[in-house]
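> my questions are about this predicted structure, shown below with the sequence.
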Amino acid sequence: MAARADDGVFDPEGVSWTRVSPRLATVRRVGSAIGALVPLVPAVLLAVLLDRWWVLLLWLPFAAVGVLRQVVIGRQVAAIGYAERDDDLLVRQGLLFRTLVVVPYGRMQYVDVTAGPVDRWAGIATVQLHTASAGTDASIPGLPPAEAERLRDRLASRGEARMAGL
């Protein structure tokens with residue numbers, strides 16, 4: 001994909017981005033498919049109770065949105081990345097509404113690693129960074145557990161080293 005004029009803000013020069021696991025896309029696609037199927041249940045019940053097959057057509061807009069969502073999820077996950085620099089961590093995400101969060105190591109208060117049941121099934125975890133300012137909190141979803149643990153330990157040690165220097 002060609003670089004756009006505004007990419008400089010979201011892709012600082014000399015930064016090597018680490019992408020999240022593609023398993024995150026699978027988890028999000030499964031959740032989206034389940035969400036799209038929920039409206040199908042009442043449509044089928046109405047079609048059976050009213051003996052009108054055309055009632056199933058009420059579900060078509062939900063199906064169309066579900067198909068579009070399946071395509072977009074892959075691109076959304078591919079847009080998530082993080083980069084460790086000497087003094088801070090960069091976290092980016094978003095396609096239409098892009099976000100770049102810069103978290104200085106010295107501002108980190110604590111780092112969480114979380115994984116719900118579906119995440120554990122898929123073999124991914126989320127690293128959540130907490131700072132004194134909620135505006136600089138960031139999360140990195142879709143990391144393999146070993147990478148999440150490594151990143152948590154590395155960020156915690158870098159944060160402690162920067163805090164000790166104050």
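Perfect, thanks for sending it.

> secondary structure class for the residue nearest to the spatial centre of the chain?
In the chain, the residue lying closest to the centroid (Cα atoms, centre = their mean) is Pro141, at 4.7 Å. Under DSSP: H, G, I helix; E, B strand; the rest coil, Pro141 falls in the strand class.

> and it, what does it touch?
Val20, Leu24, Ile80, Ile124, Thr126 (Cβ atoms under 8 Å, 6 or more residues apart in numbering). (C-beta placed from N, C-alpha, C; glycine too.)

> Ser21 is in contact with the third one, correct?
Translated: Ile80. No: contact criterion Cβ atoms under 8 Å: Ile80 and Ser21 do not qualify, at 9.9 Å.

> spit out the residues that contact those two alike.
Shared contacts of Ile80 and Ser21, counting by Cβ under 8 Å, 6+ apart, come down to Gly142.

> the two: who's more crowded?
Remark: of Ile80 and Ser21, Ile80 carries more neighbours, 23 against 20, as counted by other Cβ atoms under 10 Å.

> hang on, the earlier thing: any idea how far the residue nearest to the centre of the chain is from Val41?
Computed with Cβ to Cβ, to the nearest Å, the distance linking Pro141 and Val41 is 29 Å.

> stretch 89-104: how far from the chain's middle?
Relative to its chain's centre, stretch 89-104 lies at 11 Å (Cα atoms, centre = their mean, to the nearest Å).

> in it, what's buried?
Using 16 or more other Cβ atoms under 10 Å as the test for burial, stretch 89-104 gives Leu89, Leu90, Val91, Arg92, Gln93, Val101, Val102, Val103.

> bridging residues for Thr114?
For Thr114, the beta-bridge partners are Thr126 (DSSP bridges).

> what bits of the protein have low per-residue confidence?
1-8, 136, 163-166 (pLDDT under 70).
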